[in-house]
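Undergrad: Fold the following.
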Amino acid sequence: MLEKYNVRTDLALEEKERFESDQVEIPGVILEEEYEDELEIQITKVKIETENGAKSMGKPVGVYLTIEAPNMAMSDEDYHREISEKLARKIGEIIHLQEKEICSVLVVGLGNRQVTPDALGPYVVDNLRVTRHIMKEYGKYAMEMEENGIVSAIVPGVMGQTGMETLEIIKGIVSETKPDMVIAIDALAARNSKRLNRTIQIADTGIHPGSGVGNHRSGLTKETLGIPVIGIGVPTVVDAATIVNDTMENLISALETSEVLKGVGNVLRSYNNSEKYELIKELISPHLNGMFVTPKNEDELVKQISYTLSESLNMLFTEMKTNN
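TA: Alright, predicted model coming up:
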């Protein structure tokens with residue numbers, strides 16, 4: 001009997017897919033899907049409505065919206081502009097689910113700027129239109145447009161640089177500046193290598209810095225900060241076992257077409273996804289366990305998608321009204 005399947009992913013969509021592949025329904029978890037032909041994007045909403053559903057999924061009760069855009073890895077400015085517009089609308093929909101009116105937002109760029117796959121958060125903050133200091137000094141009419149949200153931003157770094165938990169830093173800032181909401185941006189880990197830099201997840205449950213690579217830190221959530229927290233993440237890494245698993249799938253397909261080795265392929269095909277993944281983890285070299293892989297052009301891809309995210313947030317904040 002193989003050990004319990006424990007896939008390394010931050011995407012609620014992939015957790016739901018894992019159960020579907022094993023033909024298991026999860027009570028309390030609802031899946032809604034839509035496809036846009038014009039942009040060639042798949043939008044999936046996973047709603048975890050009960051504590052039992054949360055326990056099964058390994059994620060808190062809440063809404064997880066995933067936008068998959070295979071063409072997002074291409075350097076097409078017009079396409080990325082359209083994705084930004086779509087993303088701004090979807091983030092707005094998540095924000096509107098909150099009980100209170102949101103006028104001021106603190107954007108937190110999580111990650112380590114010196115490690116390319118982990119630099120997404122800092123890069124997004126670099127291109128944000130920050131307005132809090134201007135509005136505090138001159139009022140909203142000092143801005144180019146009359147309707148603007150109050151936006152502040154921080155790149156807290158990582159514990160190895162600051163000696164402090166990210167939560168400790170953000171708690172102090174929230175206490176002092178009193179925003180209505182926190183939006184946290186972070187790099188994630190995916191189960192499927194095809195989703196790297198092509199998928200964006202928006203969650204109303206907050207975010208746990210470092211969870212993508214197994215460094216579990218105190219989460220930025222409504223419970224820990226006292227205000228709503230929206231988590232926005234993009235998968236930039238997969239673990240080594242996932243790469244080997246994808247290779248194994250190709251091997252099984254090749255074996256099934258061979259008359260001599262067809263029986264071997266059929267035996268391997270009879271394993272469900274969890275059994276295959278655990279078999280791979282047992283066979284993989286010990287020094288590869290815990291290793292994470294990223295595309296060779298990750299520096300270009302991270303910068304590109306960070307522009308897309310920051311542009312979508314700038315669009316969103318421009319539409320937010322202030323009470324000043």
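
Undergrad: Mind naming the longest strand for this structure?
TA: Secondary structure assigned by DSSP state E gives strand 229-239 as the longest strand of the chain.

Undergrad: What is whichever helix or strand comes after it packed up against?
TA: Where DSSP states H and E defines the elements, the next helix or strand beyond strand 229-239 is helix 240-256. Counting contacts by 3 or more CB pairs under 8 Å, 6 or more residues apart in numbering; DSSP states H and E, helix 240-256 is packed against helix 262-269, helix 273-283, strand 292-293. C-betas here are computed from N, CA, C, even on glycine.

Undergrad: switch to 7 Å and redo it
TA: For helix 240-256, the helices and strands in contact under the criterion 3 or more CB pairs under 7 Å, 6 or more residues apart in numbering; DSSP states H and E are helix 262-269, helix 273-283.

Undergrad: What helices and strands are in contact with the longest strand of the chain?
TA: When contacts are defined as 3+ CB pairs under 7 Å, 6+ apart, strand 229-239 packs onto helix 77-95, strand 181-189, strand 199-203, strand 292-293, helix 298-319.

Undergrad: strands paired with the fourth one, and their directions?
TA: Looking back up the chat, that one is strand 292-293. Partners of strand 292-293 in the sheet, by DSSP bridges, are strand 229-239 (antiparallel).

Undergrad: what distance separates the strand it pairs with from the middle of the whole chain?
TA: How far strand 229-239 lies from its chain's middle: 3 Å, per CA atoms, centre = their mean, to the nearest Å.

Undergrad: Stretch 118-132 too?
TA: 16 Å.

Undergrad: Ile227 touches Asp180, doesn't it?
TA: Yes - at 6.4 Å, Ile227 counts as touching Asp180 under the criterion of CB atoms under 7 Å.

Undergrad: excluding its backbone neighbours, what's nearest Ser75?
TA: In this structure, Ser75 finds its nearest non-sequential neighbour in Gln304, 6.6 Å apart by CB to CB, 6 or more residues apart in numbering.

Undergrad: Oops, could you answer that again for Ser310 instead?
TA: Excluding the flanking residues, the one nearest Ser310 by CB to CB, 6+ apart is Asn127, at 3.7 Å.

Undergrad: Now do the phi/psi pair for the one you found.
TA: Dihedral angles of Asn127 (phi, psi; degrees, to the nearest 10) stand at phi -110, psi 10.

Undergrad: got the contact list for it?
TA: 306-307, 310 (CB atoms under 7 Å, 6 or more residues apart in numbering).

Undergrad: would you turn the residues you listed into a markdown table with neighbour count and distance to Asp78?
TA: Formatted as a markdown table, those follow (neighbours: other CB atoms under 10 Å; distance: CB to CB, whole Å):
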| residue | neighbour count | distance to Asp78 |
| --- | --- | --- |
| Ser306 | 22 | 18 |
| Tyr307 | 18 | 13 |
| Ser310 | 22 | 17 |
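
Undergrad: Including distance to Glu40 and pLDDT, could these go into a markdown table?
TA: A markdown table is the format used below for the contacts of Asn127 (distance: CB to CB, whole Å; pLDDT from 0 to 100):
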| residue | distance to Glu40 | pLDDT |
| --- | --- | --- |
| Ser306 | 21 | 95 |
| Tyr307 | 20 | 95 |
| Ser310 | 23 | 96 |
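
Undergrad: Pull up the gap between the residue nearest the centre of the chain and Thr318, please.
TA: By CA atoms, centre = their mean, the chain has its centre lying nearest to Gly233, at 2.4 Å. Distance, Gly233 to Thr318, by CB to CB, to the nearest Å: 23 Å.

Undergrad: swap in Lys100?
TA: According to CB to CB, Lys100 and Thr318 sit 20 Å apart.

Undergrad: Who has more neighbours out of those two?
TA: Neighbour count, other CB atoms under 10 Å: between Lys100 and Thr318, Thr318 has more, with 17 against 9.

Undergrad: pLDDT below threshold where in the protein?
TA: For the chain, the stretches flagged by pLDDT under 70 are 1-8, 16-24, 99, 140-148, 210-217, 252-266, 268-269, 273-274, 276-290, 320-324.

Undergrad: ok, Val302 - contacts?
TA: 116-117, 119-120, 123, 236.

Undergrad: So which of those are in strands?
TA: Those of the contacts of Val302 lying in strands (DSSP E): Thr236.

Undergrad: With distance to Ile200 and neighbour count as added columns, please give the contacts of Val302 in TSV.
TA: Converted to TSV, the contacts of Val302 look like this (distance: CB to CB, whole Å; neighbours: other CB atoms under 10 Å):
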residue	distance to Ile200	neighbour count
Thr116	18	19
Pro117	16	24
Ala119	16	23
Leu120	11	29
Tyr123	14	22
Thr236	12	26
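
Undergrad: thinking again about what came up before, what's the neighbour count on the residue nearest to Ser75?
TA: Around Gln304 there are 19 residues (other CB under 10 Å).
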